[in-house]
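Visitor: need a structure here:
(2 chains)
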Amino acid sequence: MGFNRIKLASVLIGFLFLTTIANAANQNPAPARQVVESFQNELIAVMKIGKSTDFSGRYNRLYDAVTQSHDLPKIARIVVGKEWEKLSESQQNQLVEVFSKLSVASYAHNFKDYAGESFDFDSEEETTRGGVVIHTRLKIPDEKDVKFDYMLKEQGDSWRIINIIANGVSDLALKRSEYTAVLQREGFDALITKINEKIDNYSKL
Amino acid sequence: MNTLRNIMRPYKRQYVLSLMLTSLFVLNSGCATTKVGGQPALSKADPYEHINRKTFVFNDTVDDYVAEPIASAYKAITPQFVQTGVFNFYNNLKNVNVIINDALQAKFKQSAQDTGRFVINSSLGLLGLVDVAKDVGLEQNEEDFDQTLAVWGIPRGPYLVIPLLGPTTVRGIPGAVFDTAANPSSYVGAPVQLLSLLNARANAEGALKFIDEAALDPYVFTRESFLQWRHSLATDGKSAASTDFLDELDELGEFDAENVGLIADQASKGGFGNYIQKFERAAQSFSGAAQSFDETAKTFEDAGNKADKLQGDVRVK
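Guide: Numbers count the residues shown, from 1 in each chain, chains lettered A, B, ... in the order given. Presented below is the predicted three-dimensional model:
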């Protein structure tokens, strides 16, 4: 008798669960916001296990999360500006490859401690030329919130992050200045060497 | 996460010595202008890059051999609660300047909040050693005279790196002079100012480490993040330009040579239009003043209530 009740209860719970999921799916949250939020959830999850997972563990776990939410090939192209055209195809591929590694590595290095942080969604804004900006804030206990604005562009049938603006500082603009400066002052090989050094440092720290 | 927490702290070094060094700098800049042209400037915001880079390397060396070791020693021998207390103490004194600049920018409500903050921390917070105001919801605001000048429509001018003091802009110099004059800690003895500098350096540790780890070109990284961060402060984070530039890039062609300076020069690009915008913003602030006064009264009431409650709590304990 007791067993039957439990069975009945679990069927009911299962049914409730399914309908909740169906409802959530019906509400259909904006895809761009979904991309950002699932990425942020993954970041927080990795921060929580940061103490018990080494760099390569965090790197592997974040690899899909970063590459599937960011449009890394496009970001890599934008950060070298007009220099992109001057690169051979194999150089372009090489740049995209090391740039992607660096992006994942910097996340794996910088997001490894957890002290109660969480991301809050603020608002969503459409830009004049078909982009979307998702305004969020990182809440840190006992500290001022850090504003994180994600700029997304449609790529195929999904939205991808192109730029992140933290407290008014644009990551893309910063990288673009740096990468073009290194390319113009020291050339392509020096740029690749420097990026690889950074990846190497992140993996050791 | 500490790294992330500290990203925004790199430029908070106190400009205590600036009065003295400004005169030195003015002499220097005279020479600098004549030397320009040796190397083509990559950024329109930074025509003196050639000499700025040299100063940057000099500052970096001084930091490595002098400031960093002393700051590390200070961190090692000073308990965390003392460090926090010292940080809070100087931060609280800085509020005198914040309040003045709130008013100069016609942010009367914020000025009232910051006055409340200063009063609460100077009394209940034991002369500012404890940041009580944060617990009653009065967050520290970042205002200074450079931002006031920006709101008034004064153009930023070229980026400069000053020996020992680090990044600033031409507009930042009168800004720093004013800020120094309006900070009470400037009028006490040299040991106090040294402690203030030491404390500022110790607090910048995380940010400097972050730059070291992340930057391919630390000079450019520092310049761009400094200029963007200052611009964002001056516009109170409301600059639409910084979120929208990508579309421009996309449409105008990312590879257009004319566009190289596009991003770095966002802040200064608008020219005359920008002025009008700024004046409009100032006018709006003034017309909002009456409303602000109402809100001000309420803020004081709220703060008063909270302070009463806090005092009650303290007594109960």
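Visitor: Pick out the residue of chain A closest to chain B.
Guide: Scanning chain A for proximity to chain B using C-beta to the nearest C-beta identifies residue A:168 as nearest, at 2.4 Å. C-beta here means a position set from N, CA and C on the backbone, and glycine is covered the same way.
Visitor: For chain A, which helix or strand comes out least confident on mean pLDDT?
Guide: None of the helices or strands of chain A scores lower by mean pLDDT, DSSP states H and E than helix A:2-27, at a mean of 54.
Visitor: Go through the next helix or strand after that one and flag the buried ones.
Guide: Per DSSP states H and E, the first helix or strand lying C-terminal to helix A:2-27 is helix A:31-48. Residues A:32, A:33, A:35, A:36, A:37, A:39, A:40, A:42, A:43, A:46, A:47 are the ones in helix A:31-48 that count as buried (16 or more other C-beta atoms under 10 Å in any protein chain shown).
Visitor: Looking at those residues, which is nearest residue B:150?
Guide: Proximity of the buried residues of helix A:31-48 to residue B:150 (C-beta to C-beta) peaks at residue A:36, which lies at 30.8 Å.
Visitor: How about the contacts made by the closest one?
Guide: Going by C-beta atoms under 8 Å, 6 or more residues apart in numbering or on different chains, residue A:36 touches A:69, A:134, A:136, A:150, A:152, A:161.
Visitor: For the residue lying closest to residue B:229 once chain neighbours are set aside, the count of nearby residues, please.
Guide: What sits nearest to residue B:229 in space, not counting adjacent residues and going by C-beta to C-beta, 6 or more residues apart in numbering or on different chains, is residue A:169, at 5.5 Å. The tally of other residues near residue A:169 (other C-beta atoms under 10 Å in any protein chain shown) stands at 21.
Visitor: neighbouring contacts of stretch A:192-205?
Guide: By C-beta under 8 Å, 6+ apart, the residues outside stretch A:192-205 that reach it are A:55-56, A:59, A:94-95, A:98-99, A:101-102, A:105-106, A:108-109, A:182, B:213-214, B:216.
Visitor: Please list only the buried members of those residues.
Guide: In these, burial by neighbour count holds for A:55, A:59, A:95, A:98-99, A:101-102, A:105-106, A:108-109, A:182, B:214, B:216, counting by 16+ other C-beta under 10 Å.
Visitor: so which pair among those is furthest apart in space?
Guide: Spanning the widest gap among those are A:55 and A:182, at 24.9 Å by C-beta to C-beta.
Visitor: Check the average confidence over stretch A:36-53, would you?
Guide: Across stretch A:36-53, pLDDT averages out at 92.
Visitor: With stretch B:145-162 instead?
Guide: Per-region confidence: stretch B:145-162 scores 93 on mean pLDDT.
Visitor: hey, C-alpha coordinates of that stretch in PDB?
Guide: What follows is the C-alpha trace of stretch B:145-162 in PDB, where atoms were taken according to Å, rounded to 0.1, in the frame of the first residue of the first chain:
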ATOM      1  CA  PHE B 145      37.300  67.400 -10.700                       C
ATOM      2  CA  ASP B 146      38.400  65.800 -14.000                       C
ATOM      3  CA  GLN B 147      34.900  64.300 -14.300                       C
ATOM      4  CA  THR B 148      33.400  67.700 -13.400                       C
ATOM      5  CA  LEU B 149      35.500  69.400 -16.200                       C
ATOM      6  CA  ALA B 150      34.200  66.600 -18.600                       C
ATOM      7  CA  VAL B 151      30.600  67.300 -17.600                       C
ATOM      8  CA  TRP B 152      31.300  71.000 -18.200                       C
ATOM      9  CA  GLY B 153      32.400  70.200 -21.800                       C
ATOM     10  CA  ILE B 154      36.100  70.600 -21.500                       C
ATOM     11  CA  PRO B 155      37.800  68.300 -24.000                       C
ATOM     12  CA  ARG B 156      40.000  65.500 -22.600                       C
ATOM     13  CA  GLY B 157      43.200  66.400 -24.500                       C
ATOM     14  CA  PRO B 158      46.000  63.900 -25.200                       C
ATOM     15  CA  TYR B 159      46.800  61.000 -23.000                       C
ATOM     16  CA  LEU B 160      49.900  61.500 -20.800                       C
ATOM     17  CA  VAL B 161      52.000  59.400 -18.500                       C
ATOM     18  CA  ILE B 162      53.500  61.400 -15.700                       C
END
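Visitor: near chain A at all, that stretch?
Guide: No. Figure legend: stretch B:145-162 not in contact with chain A (C-beta under 8 Å from any C-beta of the partner chain); closest approach 11.5 Å.
Visitor: Now the phi/psi pair for the spatially most central residue of chain A, please.
Guide: With distances taken as C-alpha atoms, centre = their mean, the residue of chain A nearest its centroid is residue A:66 (4.5 Å). Here is the backbone geometry of residue A:66 (degrees, to the nearest 10): phi -80, psi -50.
Visitor: which residues of chain B fall in strands?
Guide: For chain B, strands defined by DSSP state E occupy the ranges B:159-162, B:166-169.
Visitor: So among the buried ones among the contacts of stretch A:192-205, where is pLDDT lowest?
Guide: Ranked by pLDDT, the buried ones among the contacts of stretch A:192-205 bottom out at residue B:214 (89).
Visitor: Touching, that residue and residue A:109? I think so.
Guide: No. Residue B:214 lies out of contact with residue A:109 (C-beta atoms under 8 Å); the separation is 9.1 Å.
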